[in-house]
Structure formats: structure tokens, C-alpha cells
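*Asks:* Pasted the sequence and its predicted model underneath.
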Amino acid sequence: MDLFKLIYEHDIRLDELRGRHTDRNKQETSTSIEDFMAPDPTYSKFYITGTVPDKPAFGINTLSKYSEVMKAVSGALSDYNTFTEKGSDPRSFIQAVEECEIGQPIILSEYRSIDWDFNRFTIDSDSNVGHKKEAIATLLKTDDLLLYKEHAHDGFDLHLFSKKNIYRSFFYPLQKMVSDDFRFFSMNGKRITSERKFYFETWTLDRPPHGVEEVFKETVL
């Protein structure tokens, strides 16, 4: 049996990705009424992972239905062209994920060409997503999306950043996969505050913690 987990966080303030001056003399202190009334720009992030409890094995690519999951995720992102540092032409989403190494950025854009410096977003052994906040914030403001493969215990997971809340785009294609051997859990990342909650399936599968909802065929948003 496959356990698929879609972990989401919405309405994260975009300015939380930006560095802040510690010297108040360097901060912008004048604010217009228009700035005061304007809503803070926000973004969403999605962590896509899975578990095969019978082995056990952890990582989206350990699932027996990994290929079907990737087709569903690819379909959810079909409005975007997929780019990697391997060339200027768009690639198929699935091909990009297969080709890229852990930490290499995959950029999704509604445009047929982009002009990003991929090195700005690359995560190496001395860095992590937290070190790329400024670059990620700049990218998200353009409505492009940023995807990484991340290490899982037995494979890899997917970590996606998006200015738009595209949860519904993922929900419906993945819901169609629900069956006796494919269980789908939607998880509010703001409530998944510990590794124990992240791996809830290892100790309380039948009674998921607060913030974790199982999706059934009849589930509606």
C-alpha cells in the first residue's frame, strides 16, 4: 500500500523570505497610506512525499504508483513550462525531475523562455532553502514557480514554492488515484510542528494528528 502526503502552507508573507536590516537607520521609515492599506503579498509552499509502510520506505519515488503520481503532479502544473539549467528550451516536467540532482532548481513559468541565473537558486552541501530566501522571493514575485528535489530517507521528495495557491490543481488529480492501495493525506504544514507529526503514519495511522486529513473519493473542498 502507498501512503501519499501533500503538505501545504498558505498565506506565508512574502517579505519573510527577504532579509531585514538590523540597523534601523537603514530601514525605510516613510510609508504612504497606499502602502499601509495594500495587502501583504503572500506565497504558498507544497511538500510532496510518500511512504510505503510495509517495507518501510520513505520518499515519493519509493511508491509503487510513483509514475502515476508524477503524471498527476505534471498534469496539475500543465499551465507552466518547465526549465532546468541544462538548456534554454522547456523540458517535460517528469524529465526535469528525473534529470535534476538534489538541490538543483527547476523553474516553472507560463512563458516559453526565461532569463534566470540558475546558480542563484542552487542548493549545495553548504546551503539549504533558507540560504536562498532573497532569490526565491525575487522569483516568486514574477509568478514563476520554483521546485526542488529533497533528500528523503530512501529516495527523494518534492518541494514547491508558488506565489499562487495552486492546492486545488493538485487535489483533484490526486484524489482520482485514491483506492484500497493508495491513501492520500492532506496535511497543514503550519500544524506539522515536529518530526513525529510529519511521520505520523509510523505510530498513529488510524488516528492522524490535528492538521492531517485523509482524502477519500467523496471528499469535497
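*Replies:* All right, it came through fine.
*Asks:* Would you mind listing the buried residues in stretch 132-145?
*Replies:* By neighbour count on 16 or more other C-beta atoms under 10 Å, the buried set for stretch 132-145 is K132, A135, I136, A137, L139, L140, D144, L145. Glycine gets a C-beta too; all of them are placed from N, C-alpha and C.
*Asks:* Setting the sequence-adjacent residues aside, check what's closest to the first one.
*Replies:* Nearest-residue entry for K132: F121, 5.8 Å, with adjacent residues in sequence omitted and distances by C-beta to C-beta, 6 or more residues apart in numbering.
*Asks:* quick one, strands of the protein?
*Replies:* Applying DSSP state E to the chain gives strands spanning 2-13, 42-52, 57-58, 81-83, 106-109, 145-151, 156-162, 182-188, 212-215.
*Asks:* What pLDDT does the model give the residue nearest to K132?
*Replies:* Listed pLDDT for F121 reads 95.
*Asks:* Could you tell me the end-to-end distance of stretch 45-64?
*Replies:* End-to-end distance of stretch 45-64: 25 Å, with C-alpha to C-alpha, to the nearest Å as the criterion.
*Asks:* Which residues outside it are in contact with it?
*Replies:* The contact list for stretch 45-64 (C-beta atoms under 8 Å, 6 or more residues apart in numbering) reads 1-9, 12, 66, 69, 73, 152-162, 166-167, 170, 181, 189, 199, 201-202, 205.
*Asks:* Buried only: go through these for me.
*Replies:* 2-9, 66, 69, 73, 152, 155-162, 166-167, 170, 189, 199, 201.
*Asks:* Give the burial count for D117, as a bare number.
*Replies:* 9 (other C-beta atoms under 10 Å).
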